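1. My questions are about this predicted structure, shown below with the sequence.
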Amino acid sequence: MPPSGEALGAALRRVEQFCEQRTPADARDEMRLEAEAKGTKITLVEHRAPWNPAFGSEWSRQAIAELRHDDTTTRGPCTGRDIPGGGNGTRICRPPEMSGRC
């Protein structure tokens, strides 16, 4: 059974709070960690300010983790896929800071 829109919204808000806490205020003009939701997935995305004018003025964007909300799993409500590693399989995403948050 897919999670309700209310459950996904609550999970997204908690992940957004996590991202806010992990982005130092004095570094926000250089980098940001943000959450993007699509369907039942929440993707953590790192944004970096341009450092070389030759590469343009757009911030770079790198997906670093994908979370999937699943109310039916017996291992926990958040699972994820390691994006940079290139499909290392689904695993539970519960770093100490996120434990019980999503």
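-> Structure received. Residues are numbered from 1 along each chain as shown.

2. Do me a favour and get the end-to-end distance for stretch 14-28?
-> Taking C-alpha to C-alpha, to the nearest Å, the first and last residues of stretch 14-28 lie 19 Å apart.

3. For that stretch, give the mean pLDDT please.
-> Throughout stretch 14-28, pLDDT has a mean value of 92.

4. Roughly how far does Ala7 sit from Glu58?
-> Distance, Ala7 to Glu58, using C-beta to C-beta, to the nearest Å: 34 Å. Every C-beta, even on glycine, is put in place using the N, C-alpha and C of the backbone.

5. Between the two, which has more neighbouring residues?
-> Ala7 (15 against 9; other C-beta atoms under 10 Å).

6. Tell me which residues of the longest strand along the chain come out buried.
-> When the chain is scanned for its longest strand (criterion: DSSP state E), the result is strand 60-69. Using 16 or more other C-beta atoms under 10 Å as the test for burial, strand 60-69 gives Ala65, Glu66, Leu67, Arg68, His69.
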